[in-house]
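>>> How does the following fold in three dimensions:
(chains A and B)
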Number of protein chains: 2
Amino acid sequence: MARIVVDVMPKPEILDPQGKAIAAALPRIGVEGMTLVRQGKRFELTVEGEVTEAHLAAARKAAEELLANTVIEEVVRVEALPEEA
Amino acid sequence: MARIVVDVMPKPEILDPQGKAIAAALPRIGVEGMTLVRQGKRFELTVEGEVTEAHLAAARKAAEELLANTVIEEVVRVEALPEEA
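Below you'll find the predicted structure:
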């Protein structure tokens, strides 16, 4: 079994109120110096056996058609996860 | 300006109904072969200038204290983002 990771982020021009809330909260726990925070999603897709090019193509299709709302989000990463984690 | 990425996933023993819903929906868009889907979060923290070790330490603190609910989630990645994206 191996995993493919798909990362989805709000497009830069889209407001991200969760990210803004986190950025506002960071100084309250003593974390300074972060000028912008954006929150997106990470998906881990598990496949049987090794990750093949066909699996990656399927993951890209899933990312564009199901995992991301491409009106407001963009897929920033689709790749096999090294199998240490 | 540079970015640090923090990835947070539900712990393996925690139910992930969103992931299950996605896994059930994939065959309906013609994507087969994914045996498990887990949904987590990806955060991008922007800092002024280069990412320093101090920035990474601050990001790790933010991850453990604010970004992840460590009762049910685990921080799986805190690292500087290569500046092509």
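>>> Does residue A:65 touch residue B:29 like I think?
Yes: when contacts are counted by CB atoms under 8 Å, residue A:65 is listed as touching residue B:29 (5.2 Å). C-beta here means a position set from N, CA and C on the backbone, and glycine is covered the same way.
>>> can you give me the helices in chain A?
Counting by DSSP state H, chain A has helices at residues A:17-25, A:53-62.
>>> Mind putting those into TSV with distance to residue A:72 and mean neighbour count?
Putting the helices of chain A into TSV (distance: least, CB to CB, whole Å; neighbours: other CB atoms under 10 Å in any protein chain shown) gives the following:
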stretch	distance to residue A:72	mean neighbour count
helix A:17-25	12	15
helix A:53-62	18	17
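>>> Residue A:81 - how many residues pack around it?
A count of nearby residues for residue A:81, using other CB atoms under 10 Å in any protein chain shown, gives 15.
>>> list the contacts for the closest residue to residue A:5 other than its chain neighbours?
Of all residues beyond its chain neighbours, the one nearest residue A:5 is residue A:81 (5.1 Å), with distances taken as CB to CB, 6 or more residues apart in numbering or on different chains. Contacts for residue A:81 (CB atoms under 8 Å, 6 or more residues apart in numbering or on different chains) come out as A:2-5, A:44.
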